[in-house]
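1. Sequence unavailable; structure follows:
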């Protein structure tokens with residue numbers, strides 16, 4: 001999938017016309033797309049869309065108790081405070097993973113890595129099964145960080 005090749009996670013909510021346009025441009029002029037994709041994604045995922053996405057989180061019971069902090073992270077991110085928003089979001093992503101597995105107590109990075117692998121593994125019998133494209137993205141860009 002082109003979006004994954006460009007370093008972005010697949011997003012089922014992204015307009016199909018936009019995805020097709022990116023894929024076509026990538027086939028026709030790969031270097032130009034590589035040079036411009038970050039700017040495009042920055043524009044596409046503007047403040048309003050990011051805020052709208054955060055509003056959908058209120059129905060997710062796993063992150064319910066983290067919502068006030070996550071909304072503050074979104075506000076910081078929308079103000080360009082990436083040195084605050086990104087590390088805070090990563091910290092809470094780890095916490096959300098621990099919460100999803102209902103683990104009590106402290107968890108270190110090796111345990112987080114194992115939980116992520118379990119969560120993201122592509123397995124027909126896994127109730128958390130991800131599409132292969134999503135798994136490929138997380139395997140290449142996210143798991144490597146842990």
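-> Yes, it's here. In this text, all values refer to a predicted model and were calculated from it rather than measured experimentally.
2. was I right about residue 50 contacting residue 75?
-> No - judged on Cβ atoms under 8 Å, residue 50 makes no contact with residue 75 at a distance of 9.9 Å. For the C-beta atoms, the positions are set from N, CA and C on the backbone; glycine is no exception.
3. Pick out whichever of the two has more residues nearby.
-> Using other Cβ atoms under 10 Å, the more surrounded residue of residue 50 and residue 75 is residue 75, with 16 against 13.
4. model confidence over the helix or strand that contains the more buried one, on average?
-> Element membership of residue 75 [criterion: DSSP states H and E] is helix 67-78. Averaged over helix 67-78, pLDDT sits at 93.
5. List the buried residues of that helix.
-> Across helix 67-78, burial judged by 16 or more other Cβ atoms under 10 Å covers 70, 73-77.
6. by contact count, what packs against the helix or strand following that helix?
-> Of the helices and strands lying after helix 67-78 in sequence (DSSP H and E), the nearest is helix 82-100. Counting contacts by 3 or more Cβ pairs under 8 Å, 6 or more residues apart in numbering; DSSP states H and E, helix 82-100 packs against helix 67-78, helix 109-120.
7. Look through this protein and report the residue furthest from the middle.
-> residue 28 (27.3 Å; Cα atoms, centre = their mean).
8. Show the model's pLDDT score for that one.
-> pLDDT for residue 28: 95.
9. next one: the one 4 residues further on
-> For residue 32, the pLDDT comes out at 94.
10. Helix or strand: which one has residue 38?
-> Assigned by DSSP H and E, residue 38 falls in helix 30-44.
11. Can you tell me what sits against that helix?
-> 6-8, 14, 18, 22, 25-26 (Cβ atoms under 8 Å, 6 or more residues apart in numbering).
12. which sections of the chain are below the confidence cut-off?
-> Under the criterion pLDDT under 70, the flagged ranges of the chain are 1, 120-133, 135, 142-146.
13. thinking again about what came up before, who are the packing partners of the helix holding residue 75?
-> By 3+ Cβ pairs under 8 Å, 6+ apart, helix 67-78 packs against helix 47-55, helix 82-100.
14. Packed most tightly, which of these would that be?
-> Mean neighbour count (mean count of other Cβ atoms under 10 Å) peaks for helix 82-100 among the helices and strands packed on helix 67-78, with a mean of 15.
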